[in-house]
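S.K.: Quick one: sequence and predicted model below, then my questions.
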Amino acid sequence: MSDQSRAFPDRPSLRFLKLEAKRRLSAGEYTTLHQAQLAIAREHGLPSWTALKEHIEAAGPASHALTQMRWVMSRFATADAPEWTAPSEEELRQHFDDRYLALVPPDWLTGLFRTVARQLREGITDVRAEPLRLRARIADLRVEAATEAEPPHRLRQLRLYPLERKVEDQRVAAPPTHVFGAVPPEAQAVAGDSYAELGLVGLIVAGGTGDGFGWATARGWASLDRDEVLLPEHRFPAYSITKLVTATAVLRLVADGRVRLDEPANAYLHTIRLADDAVTVRELLSHTGGVDSPTAMFADRVPDLVSITGPVAACGGPRGTFTYGHGGYALLGQLIADVTAARYEDAATRMVLQPLGMRASGFPHSPPASTVAIGHRLTDEGVFEPVPASVFTMPAAGGLWSTAADLVRFGLGWPSLLPDPLAREALRPQAERDDSPGGQAGLGWGLVLPKDVAGHPGAGSGCSASLTVRPSLAGRGGQTWVVFTNRQVLVEAINERLALPIT
């Protein structure tokens, strides 16, 4: 162990010192990384690696974002204790700007911090702090924050993402990357960070603007057991993103005068009826019809819908209140079939997929076997294993299989299939969502108006997917981002980083 003292540079880099410790370990100078780090700390006159990190953090440029985050940690660290007193709205406004508190109301924000109080007590690590920005880790949470440029430097962005349990599977240690088009550097960085933080087998991130599908980056493997590298053209189950295709098909029937939004759905349903004759088409589209969701969601083959719902679909939920589920969209698929006198899959393909050039997309009745990503799950030992292949039992609610490029085409092109007023109606709030602050339900679309984005997630059976758009309704346009993973995880962090980067 060296006893030679070394002076810090003007702006010491913890990242450089970490790499130096790993270099010394690889060179055989030390038998453990801890020994190499301790040696470097002592060379700089500090007793431990922790003390070295704290010294570098203190010596770096002042970070208003780090200062505000330390206030959050201090103020909410005991928020789960019975005697804790919540901050007033006035106190919160001293640390969060008005726009942020309009997006995340004070009561909701306080409730969020209560749920992570335990983590807040464990301290902050992996700090990458700039004067106005912060990226760090608190226990099993990834933190990203940004402040106002001017005093009092209140927080204007703050995100907490859960990190996945550590992966021990060495097969994913050095993931290959394949790209299509000119991938923006920030998107490539998001893909790299997310792959590691979420513990993934494969990840595709894709996007485009009003000009059409632009780029995609694929990282990792389509199948670990087959050692099959993931490519941008691999197909994934889109799961509940399918609802956007179904909603667009229904709205095409509305545009043609064959269906009316505010008519009872039973006026068009013949094969299967709703138990409540008053539920309208609009209510089915906006998840406010109170239709029950069938419990059988995955199978080896798609069954007849009536075998799942029965000849009369139950409506046990409250009408007029947003309650997300699959039952209403299963019945919308039957409505499309009854009105067009065709199978839902054929009608949706003819009305939506084909006009948008989604040639690699479809509604298979059994799991497809070629050019598909295999779903994976993580065992208790931290090793990946494949998930048995299946299909969604209700094609109109979750049966679409697609590529990232095709979903980008859908996100950019769906307004071109509808008259402008109807496309705008699809993105108009129909009901408040109960699962996110500031969230609204459109006709199929999930809306976050303060962020100027809309979209829909999908997850199940070893895979996750997401489609996010920043709309422009002049025929075609706006921006679209698509995420596919072949491990079922929350991909909200990826969506936020792509559409609303911390700046």
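M.R.: The structure has been received and is ready for your questions.

S.K.: only C-alpha atoms for contact and neighbour calcs from this point on.
M.R.: Noted.

S.K.: number of nearby residues for residue 328?
M.R.: 28 (other Cα atoms under 10 Å).

S.K.: Report the secondary structure element holding it.
M.R.: helix 327-340 (DSSP states H and E).

S.K.: what comes into contact with that helix?
M.R.: The contact list for helix 327-340 (Cα atoms under 8 Å, 6 or more residues apart in numbering) reads 243, 246, 249-250, 258, 265, 268-272, 281, 284-285, 287, 289, 291-294, 305, 342-344, 347, 394-397.

S.K.: what's the average pLDDT for it?
M.R.: Average pLDDT, helix 327-340: 98.

S.K.: The helix or strand following that helix - contacts with which helices or strands?
M.R.: Downstream of helix 327-340, the next assigned helix or strand under DSSP H and E is helix 344-348. Here helix 344-348 touches helix 242-255, helix 327-340, helix 395-398, going by 3 or more Cα pairs under 8 Å, 6 or more residues apart in numbering; DSSP states H and E.

S.K.: What residues does residue 160 make contact with?
M.R.: 141, 142, 143, 144.

S.K.: List the ones among those that fall in strands.
M.R.: 141, 142, 143, 144 (DSSP state E).

S.K.: Bridging across strands, which residues link to the third one?
M.R.: Meaning residue 143. residue 136, residue 160 (DSSP bridges).

S.K.: and residue 117, what pLDDT?
M.R.: The model's pLDDT for residue 117 equals 93.

S.K.: which residues touch the nearest residue to it once chain neighbours are set aside?
M.R.: Of all residues not flanking residue 117 in the chain, residue 77 sits nearest, at 4.8 Å (Cα to Cα, 6 or more residues apart in numbering). Residue 77 is in contact with 117, 118, 119, 120, 121, counting by Cα under 8 Å, 6+ apart.

S.K.: Touching stretch 496-503 from outside, list them.
M.R.: With Cα under 8 Å, 6+ apart, stretch 496-503 has contacts from 133, 144, 145, 146, 157, 186, 187, 190, 451, 468, 470, 481.

S.K.: Now the buried members of these.
M.R.: Buried residues within the contacts of stretch 496-503, defined by neighbour count using 16 or more other Cα atoms under 10 Å: 133, 144, 145, 146, 157, 187, 190, 468, 470, 481.

S.K.: if we can go back for a sec, now render the ones in strands among the contacts of residue 160 as CSV, adding distance to residue 410.
M.R.: Shown next, in CSV, are the ones in strands among the contacts of residue 160 (distance: Cα to Cα, whole Å):
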residue, distance to residue 410
141, 33
142, 31
143, 32
144, 30
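
S.K.: quick one: which of those residues has the most company?
M.R.: residue 144 (22 neighbours).

S.K.: got a pLDDT number for the closest residue to that one other than its chain neighbours?
M.R.: Distances taken as Cα to Cα, 6+ apart put residue 135 closest to residue 144, at 4.6 Å, once the chain neighbours are dropped. If you check residue 135, the pLDDT there is 90.

S.K.: Could you single out the nearest of the contacts of residue 160 to residue 24?
M.R.: residue 142 (28.6 Å; Cα to Cα).

S.K.: C-terminal to the helix or strand of the chain with the lowest mean pLDDT, what's the next element?
M.R.: Within the chain, confidence by mean pLDDT, DSSP states H and E is lowest for helix 49-59 among all helices and strands, at a mean of 74. Downstream of helix 49-59, the first helix or strand assigned by DSSP H and E is helix 64-76.

S.K.: roughly how far is that following helix from the heart of the chain?
M.R.: 26 Å (Cα atoms, centre = their mean, to the nearest Å).

S.K.: Helix or strand next in line after it, which one?
M.R.: Next along from helix 64-76, by DSSP H and E: helix 89-92.

S.K.: now that following helix, how far from the chain's geometric center?
M.R.: Using Cα atoms, centre = their mean, the offset of helix 89-92 from its chain centre is 30 Å.

S.K.: And for stretch 272-283?
M.R.: 31 Å.

S.K.: ok, back up a step: in helices only, show me the contacts of residue 77.
M.R.: 117, 118, 119, 120 (DSSP state H).

S.K.: How about the contacts made by the second one?
M.R.: It stands for residue 118. Taking Cα under 8 Å, 6+ apart, one finds 77, 78, 80 in contact with residue 118.

S.K.: Which pLDDT value belongs to the last one?
M.R.: Right, residue 80. 92.

S.K.: ok, it - how many residues close by?
M.R.: Residue 80, neighbours per other Cα under 10 Å, totals 15.

S.K.: What of residue 162?
M.R.: Going by other Cα under 10 Å, the residues that sit close to residue 162 add up to 16.

S.K.: For it, which non-adjacent residue is spatially closest?
M.R.: Nearest one to residue 162, counting by Cα to Cα, 6+ apart, is residue 141 at 4.6 Å.

S.K.: Hmm, residue 454 and residue 469 touching each other?
M.R.: Yes - Residue 469 lies in contact with residue 454 (Cα atoms under 8 Å); the separation is 5.3 Å.

S.K.: between those two, who's got more neighbours?
M.R.: Legend: neighbour count by other Cα under 10 Å for residue 469 and residue 454, higher for residue 469 (26 against 23).

S.K.: OK, contacts around the more buried one?
M.R.: Residue 469 touches 411, 412, 453, 454, 455, 478, 479, 480, 481, counting by Cα under 8 Å, 6+ apart.

S.K.: Where does it sit: helix, strand or coil?
M.R.: The three-state assignment at residue 469 reads strand, by DSSP: H, G, I helix; E, B strand; the rest coil.

S.K.: if I look at it, how far off is residue 127?
M.R.: Going from residue 469 to residue 127 by Cα to Cα, to the nearest Å gives 31 Å.

S.K.: what pLDDT, on average, does the helix or strand where residue 34 lies get?
M.R.: Assigned by DSSP H and E, residue 34 falls within helix 33-43. For helix 33-43, mean pLDDT is 86.

S.K.: Send over that helix as CSV, restricted to the C-alpha atoms.
M.R.: Provided in CSV are the C-alpha atoms of helix 33-43 (Å, rounded to 0.1, in the frame of the first residue of the first chain):
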residue,chain,number,x,y,z
LEU,A,33,-11.3,-3.4,-4.9
HIS,A,34,-11.7,-2.2,-1.3
GLN,A,35,-7.9,-2.4,-0.8
ALA,A,36,-7.3,-0.5,-4.0
GLN,A,37,-9.8,2.2,-3.0
LEU,A,38,-8.4,2.5,0.5
ALA,A,39,-4.9,2.9,-0.9
ILE,A,40,-6.0,5.7,-3.1
ALA,A,41,-7.8,7.4,-0.2
ARG,A,42,-4.7,7.2,2.0
GLU,A,43,-2.5,8.6,-0.8
